[in-house]
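> Quick one: sequence and predicted model below, then my questions.
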Amino acid sequence: MSAGSTMTVPPPLMADFESIQTNIFTPICSGCHGGPHPAANLDLDAAHSYDDLVNVPSTEEPTLDRVKPGDPANSFLVIHMQSDGDGAPASDVPFVAQWITDGALH
């Protein structure tokens with residue numbers, strides 16, 4: 001980098017919604033899960049992600065909510081990230097699971 005240039009580095013990943021949005025959903029997921037026709041009708045941009053995730057049935061597995069507060073084992077988001085991830089590293093899963101365990105607060 002040249003003198004005077006700045007590089008924006010996201011804050012470290014934490015087990016809270018804002019951090020997960022900043023570090024996972026926006027940079028990794030919103031490319032497919034965003035825009036006018038998001039994949040699986042799930043918009044993971046900052047304006048829509050919480051309302052599209054929490055207590056909303058999964059389109060892929062309708063018997064499960066995408067995020068079931070307090071229950072990461074029965075939250076499709078965690079199951080999907082563990083088996084597929086679509087670009088999110090496995091090291092991100094514990095943070096998402098802990099956020100859900102803590103009640104999936106906004």
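Perfect, I can see it now. Numbering: from 1, shown residues only.
> those strands in this protein, which residues are they?
Applying DSSP state E to the chain gives no strands.
> Where does the prediction get shaky in it?
Judged by pLDDT under 70, the chain has its weakly predicted residues at 1-7, 10, 85.
> now the helices for the protein?
17-20, 49-53, 76-83, 93-101 (DSSP state H).
> And these: which comes nearest residue 33?
Across the helices of the chain, residue 33 has its closest neighbour in helix 49-53 (8.1 Å, Cβ to Cβ). For the C-beta atoms, the positions are set from N, CA and C on the backbone; glycine is no exception.
> buried residues in the closest one?
By neighbour count on 16 or more other Cβ atoms under 10 Å, the buried set for helix 49-53 is 49, 50, 52, 53.
> which residues touch the first one?
The reference is to residue 49. When the contact criterion is Cβ atoms under 8 Å, 6 or more residues apart in numbering, the partners of residue 49 are 21, 25, 30, 43.
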